[in-house]
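Participant: What would the 3D arrangement of this be:
(chains A and B)
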Amino acid sequence: MSSLKTRAEFTEPERYELDEGPSYHFEISRRNFVQVVGAGLLISVAARPVLAQRSGAGGNQSANLAERLHIGADGQITLFTSKVEVGQGSRTQLTQAAAEELRAPVNRIRLIMADTAQGPNDGGTAGSRTTPATVPAIRKACAAARQLLIDTAASAFQVDAKDLTVQDAKVEGLGSGRQFSYADLASEKHAAVLKRQIAPDVNVTKVSQWRVLGASLPRVDASAIVTGAHQYPSDIIRPGMLYGKVLRPPSYGARLTEIDLASANAKADVTALRDGDFVGFAAPSSLAAEQARDEAGKTAKWTTAENPSSDELYAYLRAHSLSQRPRRDIKGSPDNAFKNASKVLRESCHIAYIQHAPMEPRAAVAEWTDGNLTVWTGSQQPARVREELARSLRVPSERVRVIIPDTGGGFGGEEASCGALDARRGIHLGLLSPRRGHRRRRRTGFKRRVGHLGTCQFLVWGVRDRHAIPNSQHSHRIQIMPIAVACRLVSGVGLDGQCLRPRIDDG
Amino acid sequence: MWKCRDADRQRVETIEGLSPNGALHPIQQAFIKEEGMQCGYCVPGMIMTTVAFLRRNSTPTRDQIVEALNGNICRCCGYGNLLKAVERAARSIKEAQ
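Facilitator: You can find the predicted model right below:
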């Protein structure tokens, strides 16, 4: 019962982990990739499927050759990962991992995170998986790069690779006057050597020999944060950007029956559109968009839906939960274990309504250029956002690029994007949503029971009847509205009361 | 806390003005040193509140710091380090005088 794996069985799943993602293959065109980082050397390291997270968490299980690392002709080293930084410190930690294995100063290493146009898909950022899954992947790639540096230097100077080490990004042991660094490795002269494949079973540095990993290091992004220079998703501004505002329904499940958008659309700079219950407004300033929305909102007529009151909620969820989905991670027979237990303790409790509320308002900026869409937003699932945008907009996912700037808090809630865009004129639109419009999640009731058998040994730890329903503002579902006018708006819209299935053993 | 309109024609200091020559202000340094940040979104507000607060009170107690920063929220709940950062900042400003 004490192993990590056992504990992980009862890790509460995030909403998006219960949603089966599409199976697709992430490929990157080498040409595009090099355009982004400039001349130099790309190192490919075979990545085992273990890199990907458990199924459903967004990892690409079939990923094989992954571009992880770029060495610039100037010796600058760039690492790539799909992981995001939301304050948990992964940017620093992964940089440390790279510095450790490359034997290079931390400031020589740049980490590009969560850009679907660059680097391998390590899956989304959730479940504390970056440390056990992505740190090893980074270490392996960087250890391979270090070995390549040594081997290349050994062959260039006709010395035994065993006598060589790497320190301060340079090869040591070549003899006086001889130098070989990562910059040399990336030079044209050695281009032929560099084409070979790197073995996936490369040796990483033993923990006992770590110097940088495991040490307390100032965060690599600290200066940008304390000077206000860091650009969060809500700081992204594009030339000609419009601001978007969405009219939210007054209550969960409310249907829009009537709204007058004529006066909003009569304004020179304002575009308003309706698609079913969704109404969006775009304008050159946030204030103008908000004013247009508020004015038009006064003309809106809604039919509200019946919803259970807070008092009835737990009973409602119990009655409306869907049938159980079999769990793959149940070991043995919980029923038998309980039957044979000398004592079974039962306990019920209700958990209050939970709403994620990071400091940074959720924001997304979308930009169309020549039929390609780039979206900057806060999310822990860049690949999934990309896929959902592609599906919603009916464009190939190759035409969608999602970039997640280091975000002002995630807490498992930063899982989707809302953005807005103007397709016809090729201009850009940003959407900054008010906090109240964001994802709410009910995690409301569970019972647990613990089986006890004779000696002081817990046999079974079961959580049953856990229910969760998202409300109307659940942001995981992105719906991109078809357009009658120039503007398309993207927003998080509801799931029609769909309940998650209870996910554990018997009743 | 001020309304924006009350700041009209007033001198306003922002986080961008705290290190005009690129040299970090002692408070900024203290925030780095104590890692008074997680996502960092609240940090400019925390720092600017600290700037104003330490001008009024250069030798604050922990309770006074809590009181002074009470209007600033850190949703990552990194308060422990934030408080240490303010204490360190107060010490280093005092020592430099």
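
Participant: what sits up against the longest helix seen in chain B?
Facilitator: Longest among the helix segments of chain B by residue count, using DSSP state H, is helix B:79-96. The contact list for helix B:79-96 (Cβ atoms under 8 Å, 6 or more residues apart in numbering or on different chains) reads B:26-27, B:29-31, B:33-37, B:46, B:50, B:53-54, B:58-60, B:62, B:65-66, B:68-69, B:74. Using the backbone N, CA and C atoms, a C-beta is placed for each residue, glycine as well.

Participant: Mind giving me the PyMOL command for buried ones among the residues you listed?
Facilitator: If you want just the buried ones from the contacts of helix B:79-96 in PyMOL, going by 16 or more other Cβ atoms under 10 Å in any protein chain shown, the selection is:
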select buried, chain B and resi 26+27+29+30+31+33+34+35+36+37+46+50+53+54+60+65+68+69+74
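
Participant: circling back to that earlier point, how about the CA coordinates for the longest helix of chain B, as CSV?
Facilitator: What follows is the C-alpha trace of helix B:79-96 in CSV, where atoms were taken according to Å, rounded to 0.1, in the frame of the first residue of the first chain:
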residue,chain,number,x,y,z
TYR,B,79,2.7,33.6,1.7
GLY,B,80,5.5,32.1,3.9
ASN,B,81,8.2,33.1,1.4
LEU,B,82,6.5,36.4,0.7
LEU,B,83,6.7,37.3,4.4
LYS,B,84,10.3,36.2,4.6
ALA,B,85,11.1,38.3,1.6
VAL,B,86,9.6,41.4,3.1
GLU,B,87,11.5,40.8,6.3
ARG,B,88,14.7,40.3,4.4
ALA,B,89,14.1,43.5,2.4
ALA,B,90,13.5,45.5,5.6
ARG,B,91,16.8,44.2,7.0
SER,B,92,18.8,44.9,3.9
ILE,B,93,17.5,48.4,3.5
LYS,B,94,18.2,49.1,7.1
GLU,B,95,21.8,47.7,6.8
ALA,B,96,22.4,49.8,3.7
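
Participant: ok, and for it, which residues are buried?
Facilitator: By neighbour count on 16+ other Cβ under 10 Å, the buried set for helix B:79-96 is B:81-90, B:93.

Participant: for the residues you listed, which one is nearest chain A?
Facilitator: Using Cβ to the nearest Cβ, B:Ala85 comes nearest to chain A of the buried residues of helix B:79-96, at 9.5 Å.

Participant: so what's the spatially closest residue to that closest one that is not a sequence neighbour up against?
Facilitator: What sits nearest to B:Ala85 in space, not counting adjacent residues and going by Cβ to Cβ, 6 or more residues apart in numbering or on different chains, is B:Gly36, at 3.3 Å. By Cβ under 8 Å, 6+ apart, B:Gly36 lies in contact with B:30, B:43, B:46, B:78, B:81-82, B:84-86.

Participant: helix/strand/coil for B:Gly36?
Facilitator: coil (DSSP: H, G, I helix; E, B strand; the rest coil).

Participant: next structured bit after whichever strand or helix holds A:Arg274?
Facilitator: A:Arg274 is located in strand A:271-275, with elements delineated by DSSP states H and E. Beyond strand A:271-275 in the direction of the C-terminus, DSSP H and E gives the next helix or strand as strand A:278-283.

Participant: Isn't A:Ala383 up against A:Ser82?
Facilitator: Yes: here A:Ala383 reaches A:Ser82: they are 6.2 Å apart, a contact under Cβ atoms under 8 Å.
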